[in-house]
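**Student:** got a sequence here, can you build the structure:
(one chain, ligands or ions: 2)
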Amino acid sequence: MQDGAGRMGCEMGPSALRTAGLVEVLSSLGHAVEDMGAVQAIPVRRVVHGNLALKALPEISAWTSAIAEAAYAASENAMPIFLGGDHSISAGTVSGVARRAAETGRPLFVLWLDAHPDFHTLDTTASGNLHGVPLAYASGQPGFSGYFPDLPAAVDPKRICTMGLRSVDPAERNALNQVGVTVHDMRAIDEHGIAPLLRAFLARVSDEDGLLHVSLDVDFLDPSIAPAVGTTVPGGATFREAHLVMEMLSDSGLVSSLDLVELNPFLDERGRTATLMVDLTASLMGRRIMDRPTRSHSGSF
Ligand code: MG
Ligand code: MG
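**Tutor:** Residues are numbered from 1 along each chain as shown. Ligands and ions are numbered 1, 2, ... in the order given. Next up, the predicted model:
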C-alpha cells in the first residue's frame, strides 16, 4: 500500500526487496523462509472525520484491519517480516502482533527506527498523510475510536523506544513526553553513541521477558546512503550505526517481528536502498563479520 504517504511509489517496495534477494539472503543464513505474498484488501466502508486534511482514511482503516489479521496469523510460531508499503502498514502490523503478545502473556516492546515519531492522532496531523499516525494508534492514543479498528491490545507507551528522530511536530513532541515514550533523537545518538542507548532499552526488554517488534523506516538512514524515500531528512543514521543496531538486535535474540517500510523504488538509484535494507535485515537475522564471544559484563575489549 502507498495511500498513507504523500507520494506514490511505496507500493513497489515489496517487489524491490524481493528483487534485492531478501528471501535468498535469509535462506542462506539458515532460516526457513515462507513468502506469504501480499495481504488482500478488504472492502472499504464509508468513514468521515472532522479533520478535512486526512487522506485516504477509509482505505487505510480497511487496510489496518486486513494487515492486523494477517500479522496476528503470521506471528504464531514464526517471526514475521512485513514489507511495506508506507509506514501506515504498522498500524496493522503492531496491533496484530500486540494481540498475539497479549494472548501469550508477554509484554510487547516496540523499537521505532525513523526520522519521525509517527505519533500524530487523526486530530493533530496537518499534512493528513496517515503514515504519520501508526505509532499513536497502536499505543492507544485518543481519537482513533470509530475510525480505525478497535485495538485488541494497545502497546504500553512506556515500552516504546524511538531512535533517529530529527523531524518532530509540536503536537507529537507534547504527546510523546506526556505518555512516556523513550525518545533518542539524532542529537542523543551524536552525544552518547547509539550502542549504549540501545543496550539500555534491550536490557529492559530482557528484564521483562518481553517480545520486541522492530519498525525500520528507510528515512532512519541518512539520505546519502538511502535515497529511496519520499520523506528525506538530512542527518540520519550512518551505514555503520544502522548495521550496529541490527547486529546488537541479533545478539539480543529478542526480536519477534520486523517492519521494512517506506522504501520507494521509484526514487532509488539502481537498487542501492533496497539492497541496503536487505543487508540490514541480514545483519539482524544473524549475518556477522566475525564470531564474537558472548560477554556477560563489559570492561575488556
Ligand atoms: Mg515512519
Ligand atoms: Mg519517517
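**Student:** okay, CA-based contacts and neighbour counts for the rest of this
**Tutor:** OK.
**Student:** show me where this structure has its helices.
**Tutor:** Assigned helices in the chain, in chain order: 13-19, 22-28, 57-74, 89-104, 134-138, 170-179, 186-192, 194-207, 239-252, 272-284 (criterion: DSSP state H).
**Student:** ok, V48 - how many residues close by?
**Tutor:** Residue crowding around V48 was assessed by other CA atoms under 10 Å; the count is 12.
**Student:** now the phi/psi pair for it, please.
**Tutor:** Summarising the backbone geometry of V48 under the convention degrees, to the nearest 10, its torsions are phi -120, psi 130.
**Student:** and G146, by the same measure?
**Tutor:** For G146, the backbone dihedrals are phi 90, psi -20 (criterion: degrees, to the nearest 10).
**Student:** so who does it touch?
**Tutor:** Taking CA atoms under 8 Å, 6 or more residues apart in numbering as the definition of contact, G146 has no neighbours.
**Student:** try it again at 10 Å.
**Tutor:** Contact analysis of G146 by CA atoms under 10 Å, 6 or more residues apart in numbering lists 47-49, 61.
**Student:** for A226, same thing?
**Tutor:** Each residue near A226 by CA under 10 Å, 6+ apart is listed here: 218-220, 232, 236, 238-239, 263, 267-269, 271-277.
**Student:** can you select the buried ones from the residues you listed in ChimeraX?
**Tutor:** Those of those that meet the burial criterion (16 or more other CA atoms under 10 Å) are gathered into one ChimeraX selection, given here:
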select :218,219,220,232,236,238,263,267,268,271,272,273,274,275,276,277
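**Student:** near ligand 2, from the contacts of A226?
**Tutor:** On the criterion CA under 5 Å from the ion, none of the entries of those sits beside ligand 2.
**Student:** distance of the closest residue to F119 other than its chain neighbours from G230?
**Tutor:** Take F119 and drop its neighbours on the chain: the residue closest to it by CA to CA, 6 or more residues apart in numbering is A136, 4.5 Å away. Separation of A136 from G230 (CA to CA, to the nearest Å) stands at 21 Å.
**Student:** and M246, by the same measure?
**Tutor:** When CA to CA is applied, the distance between M246 and G230 equals 23 Å.
**Student:** please apply the same query to V110.
**Tutor:** In terms of CA to CA, V110 sits 23 Å off from G230.
**Student:** look at the two and report which has more neighbours.
**Tutor:** Between V110 and G230, counting by other CA under 10 Å, V110 is the more crowded of the two (27 against 21).
**Student:** near ligand 2, which residues of this protein?
**Tutor:** Among all residues of the chain, those adjacent to ligand 2 (criterion: CA under 5 Å from the ion) are 114-116.
**Student:** put the buried members of the residues you listed into a PyMOL selection.
**Tutor:** Buried members of the residues of the chain next to ligand 2 can be picked out in PyMOL with the line below, counting by 16+ other CA under 10 Å:
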select buried, resi 114+115+116
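**Student:** could the residues of the chain next to ligand 2 go into a markdown table alongside pLDDT?
**Tutor:** Putting those into a markdown table (pLDDT from 0 to 100) gives the following:
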| residue | pLDDT |
| --- | --- |
| D114 | 98 |
| A115 | 98 |
| H116 | 98 |
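**Student:** residue of the stretch 151-300 of the chain nearest ligand 2, please.
**Tutor:** Among the residues of the stretch 151-300 of the chain, D219 lies closest to ligand 2, at 5.1 Å counting by CA to the ion.
**Student:** shaky segments in the stretch 201-301 of the chain?
**Tutor:** Where the stretch 201-301 of the chain drops to pLDDT under 70, the residues are 292-301.
**Student:** turn the helices of the chain into JSON lines, including distance to G6.
**Tutor:** JSON lines is the format used below for the helices of the chain (distance: least, CA to CA, whole Å):
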{"stretch": "helix 13-19", "distance to G6": "15"}
{"stretch": "helix 22-28", "distance to G6": "26"}
{"stretch": "helix 57-74", "distance to G6": "13"}
{"stretch": "helix 89-104", "distance to G6": "14"}
{"stretch": "helix 134-138", "distance to G6": "15"}
{"stretch": "helix 170-179", "distance to G6": "19"}
{"stretch": "helix 186-192", "distance to G6": "24"}
{"stretch": "helix 194-207", "distance to G6": "30"}
{"stretch": "helix 239-252", "distance to G6": "25"}
{"stretch": "helix 272-284", "distance to G6": "19"}
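**Student:** burial measure for the closest residue to V94 other than its chain neighbours, as a count.
**Tutor:** The spatially closest residue to V94, leaving aside those adjacent along the chain, is A138, at 6.2 Å (CA to CA, 6+ apart). If you count neighbours by other CA under 10 Å, A138 ends up with 25.
**Student:** neighbours of the nearest residue to A274 once chain neighbours are set aside, just the number please.
**Tutor:** Spatial nearest neighbour of A274, chain neighbours left out: L17 (5.5 Å); criterion: CA to CA, 6+ apart. Other residues within reach of L17, judged by other CA under 10 Å, total 23.
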